[in-house]
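>>> using only what follows, build the 3D model:
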Amino acid sequence: MDQQILIDLVTKKMPFGKYKGWLLCDVPEHYLVWMKGKGFPEGKLGMWLHTLYEIKLNGLEGILAELKRNYR
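Below you'll find the predicted structure:
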């Protein structure tokens with residue numbers, strides 16, 4: 001996996017919706033599951049959210065924890 005994608009997940013903010021302004025990595029799993037059912041947006045945001053969905057679905061949030069501390 002491209003490390004820049006992981007860095008983006010801990011530095012970029014959700015641009016719309018209920019969790020607007022939240023860091024992408026902090027968006028709750030239930031919202032990602034809902035969004036997957038509706039369809040992720042096109043482009044980078046969709047790719048980031050789909051990647052985050054897979055990370056959270058598989059219990060791998062720990063890979064983001066250290067990055068989040070380093071990029072605050």
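
>>> how far off centre is the longest helix seen in the chain?
Longest helix in the chain, counting residues (DSSP state H): helix 43-57. Distance, stretch centre to chain centre, for helix 43-57: 5 Å (CA atoms, centre = their mean, to the nearest Å).

>>> list the buried ones in the next helix-or-strand element following that helix?
Next helix or strand after helix 43-57 toward the C-terminus (DSSP states H and E): helix 62-70. Across helix 62-70, burial judged by 16 or more other CB atoms under 10 Å covers L64, L67, K68. Using the backbone N, CA and C atoms, a C-beta is placed for each residue, glycine as well.

>>> distance check, R69 against F16.
For R69, the distance to F16 equals 27 Å [CB to CB, to the nearest Å].

>>> G37 now?
17 Å.

>>> which residues of the chain score low on pLDDT?
Applying pLDDT under 70 to the chain picks out residues 1.

>>> check contacts around the residue nearest to W22 when sequence neighbours are not counted.
In this structure, W22 finds its nearest non-sequential neighbour in M14, 5.0 Å apart by CB to CB, 6 or more residues apart in numbering. Applying CB atoms under 8 Å, 6 or more residues apart in numbering, we find M14 in contact with K20, G21, W22, L23, L24, V27.
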